[in-house]
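Chemist: just coords:
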């Protein structure tokens, strides 16, 4: 931008503006002093200017009332006042009020913070388990969710292929409010390496795929599944020997029917062969701490019932607080 | 019409004098010239309001309209309807309450229709009756009439007012002027208060006014409209019509030679003169105009109607009332100044002839369009149902596969219950074999609110063609199935 900018343009703008405003004032003053020749009628009253068009269309002299020109002077005075108060003459003159767009924005943010800050702060002090079922907190949380999370997870939080469903029972990184908050603040990068080489060949991949399907009692080829069981040792490092997953790594549980990339043989084969690289972006820079707290409560409320969760979580809740 | 005015004016009176002198065999005197500024001080106008004991015929009409419009204006905001103000334009919550009707921003189309009707009604009435609006119904005229009445009661009529203004300041003058402006300001503030009462509930506002606790925008707008009323009706008066009002100028475009205007019958009236008691007017060679100047004295815009049609004339017919009164006293036929048309004056016809000329193409065209738009508006309001639905498909997600292999799409429905009762609605979807609503199908929306409702639709993959599939999402009220809205939407399949 600055490549195209020089101080010349400030003066260019300023001079044109000032000359125009002053010129308007001078022109008005000249017009207020100006006289025209008007013909008198038989009674000696001013009648026409003598201008005639189309044979009989005459210009009569109907002077405007004097206050009319005052309105124009007011516009000139207004422009001068405006240019004194506000930065209208290039960047060299900032105006008496020192007004900027950024300043305007910041002051509006400040007044909004002053207005909404206490509401957020009050909720931020309460544990997630408690505010998750407060209708007001939930409404705020839902709004934050719709603005920041729904693009990927869907406005119903049910996700889609590659974007986890937040309303089901599976939590790859743990279901506790704290782990949800960590996910939101820092993001997650889930990597499943390509396993084709480790499993030997295409046949090996297909065997493991059928074994994985067998884990959740899905339709599978039992001969291949039996062979795949042995080869699954390569996968157990992350998914665990019982394939229950590992929240520390974000390795999903393979024993349920919840599939992030599809539960067909083709989709699972693809996953094993090429691996998956999944990324949840960090929102710590975008959302404030109380906002993270409220949206985490909303997400947590999607998979927890008010009656059941609150008492169970109550003893656990004070624990994270002193830890911080 | 500006052209017509100027042409007409050029006939009068200078040209007429010139013609007369030419006819008398004298050469037309060469015009003298003066140097004049482009702006002039306004000349104060002192319209005379009463001639004789009774109100004139057209003055009665004007007062009738003053009462009719002001009873409606000052009275309407006080009416209640189902525990709320019957007429309230609630800008903050973007809802207009009109008796049983609640209009939402989406209903702005009705406002368009009302504006078209107002414009066409102006065209029609102006084409037929000239500046009827200006002369009888315009707020500027109505409030000026009220303010002039106050002025007359306190300061007296024309002659006394002129004398008072000439006098040096005295205790009496100061008292009269203060009383007048005090009364004006009181009416103006009440007008401003009433106006604001259309936009914010008037009863609580009155309480605030009485306890002097009105603040913020309400106070600003009360003072603003109060000041506008006081300034326009008290001080500006005819200047509003002459220099500020766009209607005044563009009504000219709707005039034609068959439009009713206030006219002076020069052929009958001229040569004007007071005459004498001894000899009859005929013997002196005088026309019917007594040159009493009353038509000039009563004119609120300060013109002489005998100079012909002028752009300043607001068609108030005060001069007709004045002239008729004088003609009656003098034992001459009324109607020297009367409602007539340019055409009728030229061809010397009246009454039935003028009526016959009302039926002309532009009148038919205006009437036709006006009737069409009016009927369309009434039909549209009559078949309007108090339910609006917008379907917003989830933008981020295309489609998802759910556990049993069915394909799911997510939508957000903006459901607007524009009635004032809470209602329960049922959502359904059609357009694909086996299309189902997987989320809750029924939901409640409280009265006059908008609710965002999440709807998940599922279809089997076999029923879907690749890409988008057209479907219809319907929302219907449980208690009244006629309250049903069908919205088009698309259902996306999973491309593989």
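Modeler: That came through, no problem. The structure presented is a predicted model; accordingly, all values stated were derived computationally and were not measured.

Chemist: buried sites along the helix or strand encompassing residue B:364?
Modeler: In the assignment (DSSP states H and E), residue B:364 maps to helix B:361-382. Residues B:363, B:366-367, B:369-370, B:373-374, B:377 are the ones in helix B:361-382 that count as buried (16 or more other Cβ atoms under 10 Å in any protein chain shown). Every residue, glycine included, has its C-beta placed from N, CA and C.

Chemist: describe which strands the helix or strand hosting residue A:58 pairs with in its sheet and in which direction.
Modeler: Counting by DSSP H and E, the element that carries residue A:58 is strand A:57-60. Next to strand A:57-60 in the sheet, as set by DSSP bridges, lie strand A:48-53 (antiparallel).

Chemist: and the strand it pairs with, how far out from the chain's middle?
Modeler: How far strand A:48-53 lies from its chain's middle: 66 Å, per Cα atoms, centre = their mean, to the nearest Å.

Chemist: give me the contacts around it.
Modeler: Residues from elsewhere that reach strand A:48-53 (Cβ atoms under 8 Å, 6 or more residues apart in numbering or on different chains): A:36-39, A:58-61, B:10, B:31, B:33.

Chemist: now the helices: where do they sit in the stretch 51-200 of chain A?
Modeler: With DSSP state H, counting those that start in this stretch as the criterion, the stretch 51-200 of chain A has helices at A:66-85, A:101-125, A:128-131, A:135-148, A:150-153, A:177-186.

Chemist: adding mean neighbour count and mean pLDDT, write these out as a markdown table.
Modeler: Listed next are those as a markdown table, based on neighbours: other Cβ atoms under 10 Å in any protein chain shown; pLDDT from 0 to 100:
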| stretch | mean neighbour count | mean pLDDT |
| --- | --- | --- |
| helix A:66-85 | 13 | 93 |
| helix A:101-125 | 12 | 93 |
| helix A:128-131 | 22 | 92 |
| helix A:135-148 | 17 | 93 |
| helix A:150-153 | 18 | 90 |
| helix A:177-186 | 19 | 95 |
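
Chemist: run through chain B and note the low-pLDDT ranges.
Modeler: In the predicted model of chain B, residues B:1-31, B:495-496 satisfy pLDDT under 70.

Chemist: biggest helix in it by residues?
Modeler: helix B:171-196 (DSSP state H).

Chemist: mind checking what helix or strand follows it in sequence?
Modeler: Taking DSSP H and E, what comes next after helix B:171-196 is helix B:202-210.

Chemist: contacting residues for the spatially closest residue to residue B:273 that is not a sequence neighbour?
Modeler: Ranked by Cβ to Cβ, 6 or more residues apart in numbering or on different chains and with sequence neighbours excluded, the top spatial neighbour of residue B:273 is residue B:286, at 4.4 Å. The contact partners of residue B:286, by Cβ under 8 Å, 6+ apart, come to B:271-273, B:275.

Chemist: just those: which are in helices?
Modeler: Using DSSP H, none of these sit in helices.

Chemist: longest helix of chain A, counting residues only.
Modeler: Longest helix in chain A, counting residues (DSSP H): helix A:7-33.

Chemist: which positions in that one come out as buried?
Modeler: Quick answer for helix A:7-33 (16+ other Cβ under 10 Å): A:13-14, A:21, A:25, A:28.

Chemist: is it true that residue A:164 touches residue A:260?
Modeler: Yes: with contact defined as Cβ atoms under 8 Å, residue A:164 counts as touching residue A:260 (6.1 Å).

Chemist: might you report the residue contacts of the closest residue to residue B:100 other than its chain neighbours?
Modeler: Counting by Cβ to Cβ, 6+ apart, residue B:81 is the residue found nearest to residue B:100 once chain neighbours are left out, at 7.2 Å. Counting by Cβ under 8 Å, 6+ apart, residue B:81 touches B:97, B:99-100.

Chemist: before we move on, what about residue B:51?
Modeler: Per Cβ under 8 Å, 6+ apart, neighbours of residue B:51: B:294, B:298, B:321-322, B:325-326.

Chemist: thank you kindly, that will do.
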